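Asker: I would like to see how this sequence folds:
(one chain, ligands or ions: 1)
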Amino acid sequence: MKVPKIAIIGGSGRMGIWFAQYFKNKGYTVVLSARNREKLIAAAESLKVNYAKNNEEAVKNADFVMVSVPIASTASIITELAPHMDRKTTVFDITSVKGEIIKTLEKQSLKHGFKAVSVHPMFGPGAKNLTGHTIAIVPIKGSEDAAEKLGRIFSKDGAKVVSTDGKTHDRMISTVLGLPHFLNILFGKALLEIPDALPRIKEFSGTTFALQLLLTECVFREEPELYSEIQMRNKEFLKFLDKMEGIFSELKEVVQKNEKIEFSKIFEMVREKLIQDTDYANAYDRFYQIIEILKNRT
Ligand SMILES: NC(=O)c1ccc[n+]([C@@H]2O[C@H](COP(=O)([O-])OP(=O)(O)OC[C@H]3O[C@@H](n4cnc5c(N)ncnc54)[C@H](OP(=O)(O)O)[C@@H]3O)[C@@H](O)[C@H]2O)c1
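Answerer: Got it, this is the predicted structure:
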């Protein structure tokens, strides 16, 4: 059987390198492309894969083209490269926010005759492999077969593949990424208001603070460029922010006015929602299991 070729645009970036290793392990011929030559050559040499002179050269004769550049550049790169794609090629982006990208993939694939899929790996470059990780797939009109094929490749390697549309994707991502990122940035920013240094604060730390700090520190280990785009480019998240402002004012008023009954009512309402989660009943035990792990490591 012919060895498939995949071109990874943005191949020197974090996800580009991750997927280059993944496809190399599967036996594909991998070609990387990016702007900064030094970084590109270093990535290609350490992965022992090929690199191209430019994006155009990379996509020549490729069976797959993965676009793994910052969200803001993805649509323009797809449009720029579209006339150079082979008809057999399946092009897919991996952006964390879909928005205009779905329309661009649809328009360009229909115009130039290649296949297109929109993909979102719900994990970062720290993942060991695909096992147990979710990959969202948005099929593109006219290329539904390519979405199924790509989904099968990932699910064979243990990924949980979820098929969705662009709008649902962005609404869900605003909840599962935008919201927790925002809350952790809020927590981090609030810490700036506290004059004591963190080691001093930690001397007083209970279990909730320990776990919250861990989460916040993980968020701040990430790159602000990606995190800002996840919030600022997702229209669904921007709409949600207005609601958040209302929730904040409501809670603030309840606390400041000492309204205990209203406080309990809100607590109960939230509890009703959380009970729908099958992990809710075990949450307390699981929380303490994590705390034990943290204790043993310090
Ligand atoms: N990081 C995550 O946890 C994560 C998770 C899921 C999905 N994603 C998605 O994955 C994509 C890439 O994210 P990342 O974290 O890997 O970003 P990254 O580390 O900043 O990498 C971006 C890559 O794109 C290249 N690039 C930028 N503009 C380019 C252009 N015009 N032509 C060719 N290459 C270009 C960069 O290299 P040069 O600057 O040298 O060109 C670099 O190789 C984003 O769409 C993001 O939403 C990220």
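Asker: Output the longest helix belonging to the chain.
Answerer: Longest helix of the chain, by residue count under DSSP state H: helix 235-256.
Asker: Quickly check: that helix near the ligand or not.
Answerer: No. Contact of helix 235-256 with the ligand (C-beta under 6 Å from any ligand atom) is absent, the minimum separation being 13.7 Å. For glycine as for every other residue, the C-beta is placed from the backbone atoms N, C-alpha and C.
Asker: Next, the one residue in the chain that gets nearest to the ligand: phi, psi?
Answerer: Nearest residue of the chain to the ligand: Gly13, at 1.9 Å (C-beta to the nearest ligand atom). Per-residue torsions, Gly13: phi -90, psi 180 (degrees, to the nearest 10).
Asker: can you check Pro139 too?
Answerer: Main-chain torsions, Pro139, degrees, to the nearest 10: phi -70, psi 140.
Asker: The nearest residue to it once chain neighbours are set aside: neighbour count?
Answerer: The shortest distance from Pro139 to any non-neighbouring residue, by C-beta to C-beta, 6 or more residues apart in numbering, is to Ala147 (3.6 Å). Using other C-beta atoms under 10 Å, Ala147 has 22 neighbouring residues.
Asker: ok, and for the helix or strand hosting Ala147, which residues are buried?
Answerer: Assigned by DSSP states H and E, Ala147 falls within helix 144-156. If you call a residue buried by 16 or more other C-beta atoms under 10 Å, then helix 144-156 has these buried ones: 146-147, 150-151, 153-154.
Asker: Which positions within stretch 202-211 qualify as buried?
Answerer: Quick answer for stretch 202-211: no buried residues (16+ other C-beta under 10 Å).
Asker: got the CA positions of it in CSV?
Answerer: Only the C-alpha atoms of stretch 202-211 are listed here, as CSV (Å, rounded to 0.1, in the frame of the first residue of the first chain):
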residue,chain,number,x,y,z
LYS,A,202,0.2,28.7,51.0
GLU,A,203,1.1,28.4,54.7
PHE,A,204,-2.6,29.1,55.3
SER,A,205,-3.8,27.1,52.4
GLY,A,206,-6.6,24.6,52.8
THR,A,207,-7.5,21.9,50.3
THR,A,208,-9.7,24.0,48.0
PHE,A,209,-7.0,26.7,47.6
ALA,A,210,-4.4,24.0,46.9
LEU,A,211,-6.4,22.5,44.0
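Asker: Which parts of this protein belong to which domain?
Answerer: As recorded under automatic domain parsing, the domains making up the chain are 5-164, 168-258.
Asker: right, is stretch 140-154 up against the ligand?
Answerer: No. Figure legend: stretch 140-154 not in contact with the ligand (C-beta under 6 Å from any ligand atom); closest approach 13.4 Å.
Asker: Tell me how far that stretch lies from the chain's centre.
Answerer: In terms of C-alpha atoms, centre = their mean, to the nearest Å, the centre of stretch 140-154 is set 20 Å apart from its chain centre.
Asker: ditto for stretch 257-277
Answerer: From the chain centre to the centre of stretch 257-277 is a distance of 31 Å (C-alpha atoms, centre = their mean).
Asker: which outside residues touch it?
Answerer: Identification of contacts with stretch 257-277 by C-beta atoms under 8 Å, 6 or more residues apart in numbering yields 250-251, 253-255, 280.
Asker: If you count neighbours, what's buried in that stretch?
Answerer: Going by neighbour count (16+ other C-beta under 10 Å), nothing in stretch 257-277 comes out as buried.
Asker: Tell me the one of the contacts of stretch 257-277 nearest Ile185?
Answerer: Ile185 lies nearest to Leu251 out of those, by C-beta to C-beta, at 18.1 Å.
Asker: so what pLDDT did Thr298 get?
Answerer: At Thr298, the model reports a pLDDT of 56.
Asker: continuing past the helix holding Ala147, what's the next helix or strand?
Answerer: strand 160-163.
Asker: So which residues make contact with the longest helix of the chain?
Answerer: So helix 235-256 is contacted by 99, 167, 170-171, 173-175, 178-179, 182, 230-232, 259, 262-263, 266 (C-beta under 8 Å, 6+ apart).
Asker: ok, 7 Å please
Answerer: With contact meaning C-beta atoms under 7 Å, 6 or more residues apart in numbering, helix 235-256 is reached by 99, 170-171, 174, 178, 231, 262-263, 266.
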